[in-house]
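In: this one's structure only:
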């Protein structure tokens, strides 16, 4: 089926199934949670605000399951998990501050080091890849490649799930 | 492989530039916009531009799918559908 080069690639089928199982479990959990704001309204009636909250939770769950399926061997998955966890624990601001301090120091190092030809585009790419601000150009490109592959898997699996749910 | 780690000017080729060229060519294979164009001469900045827009599109797709899922989630019974999904995905 997959006849592409597999030099440093993780086993894509198991990544897919890890993501699928984790994401479906998260969806189940989300479905079980009662709507927090309204107590008297029945669950079928959902306000736009409630829908927006649920959509955000699902998107975060998708990203979190993807990053967990990849594990900690990739910088982007580590950065993404850190971001999600620090967002969830908004009360404890200390961890978030620590991360931003690290980013500042590394950012200064990077500025002094090199002047590449495509500096502008690389700057842009940093914003799209999680954790990209703290990487040097080589790692950024490497991580971007892996990130794109995982995003493709994520889209495929989610499309399948949506089709399955809408068919039933 | 010995490389001078002294300050280098941006014009001179270095090992790092070669690495970057290799990584950029790997990215070219991943981004369908460039891969299907079949022209060998795509500049690195073009590749990076297309990579950025491709990632942006993928993010948008995930957002869209999450929204559809949130609408569907309210109306389905998760357990029965889940078994069917897992079966179909893992068997592929």
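Out: That came through, no problem. Given the structure is predicted, the values throughout are model-derived calculations rather than measurements.
In: Only the buried residues of whatever helix or strand residue A:125 lives in, if you could.
Out: Using DSSP states H and E, residue A:125 maps to helix A:119-128. For helix A:119-128, the neighbour count (16 or more other Cβ atoms under 10 Å in any protein chain shown) marks A:121-122, A:124-126, A:128 as buried. For the C-beta atoms, the positions are set from N, CA and C on the backbone; glycine is no exception.
In: now for that helix, which elements pack on it?
Out: When contacts are defined as 3 or more Cβ pairs under 8 Å, 6 or more residues apart in numbering or on different chains; DSSP states H and E, helix A:119-128 packs onto helix A:137-167, helix B:44-73.
In: Does the shortest one reach chain A?
Out: Yes: Helix B:44-73 reaches chain A (Cβ under 8 Å from any Cβ of the partner chain) through B:44-45, B:48-49, B:51-52, B:54-56, B:58-59, B:61-63, B:65-73.
In: Mean neighbour count, distance to residue A:20 and mean pLDDT added to the helices and strands packed on helix A:119-128, as a markdown table?
Out: Formatted as a markdown table, the helices and strands packed on helix A:119-128 follow (neighbours: other Cβ atoms under 10 Å in any protein chain shown; distance: least, Cβ to Cβ, whole Å; pLDDT from 0 to 100):
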| stretch | mean neighbour count | distance to residue A:20 | mean pLDDT |
| --- | --- | --- | --- |
| helix A:137-167 | 19 | 5 | 90 |
| helix B:44-73 | 18 | 13 | 90 |
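In: Please produce CSV containing these, extended by distance to residue A:89.
Out: Converted to CSV, the helices and strands packed on helix A:119-128 look like this (distance: least, Cβ to Cβ, whole Å):
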stretch, distance to residue A:89
helix A:137-167, 24
helix B:44-73, 22
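In: Tell me which of those sits nearest to residue A:74.
Out: helix A:137-167 (5.8 Å; Cβ to Cβ).
In: now the angle from the helix or strand encompassing residue B:25 to helix A:137-167?
Out: Per DSSP H and E: residue B:25 is located in helix B:15-30. Angle of helix B:15-30 versus helix A:137-167, following axes from the mean of the first three to the mean of the last three Cα atoms, to 10 degrees, is 20 degrees.
In: after helix B:15-30, next one along is what?
Out: Helix B:15-30 is succeeded, C-terminally, by helix B:32-35 (DSSP H and E).
In: Determine the set of other helices and strands touching that following helix.
Out: helix B:15-30, helix B:44-73.
In: And for that helix, what's in contact with it?
Out: By Cβ atoms under 8 Å, 6 or more residues apart in numbering or on different chains, the list of residues contacting helix B:32-35 from outside reads B:28-29, B:42, B:46-47, B:50, B:53-54.
In: from these, which is closest to residue A:63?
Out: Using Cβ to Cβ, the contacts of helix B:32-35 come closest to residue A:63 at residue B:54, 17.4 Å.
In: so what's the closest one closest to, chain neighbours aside?
Out: residue B:31 (4.9 Å; Cβ to Cβ, 6 or more residues apart in numbering or on different chains).
In: Now do the same contact list for the one you found.
Out: Contacts of residue B:31 by Cβ under 8 Å, 6+ apart are A:148, B:47, B:50-51, B:54.
In: rewinding a little: which one of the helices and strands packed on helix A:119-128 lies closest to residue B:86?
Out: Using Cβ to Cβ, the nearest of the helices and strands packed on helix A:119-128 to residue B:86 is helix A:137-167, at 9.9 Å.
In: so what secondary structure elements neighbour that closest one?
Out: Checking 3+ Cβ pairs under 8 Å, 6+ apart, helix A:137-167 ends up next to helix A:12-32, helix A:48-70, helix A:75-88, helix A:119-128, helix B:15-30, helix B:44-73, helix B:78-91.
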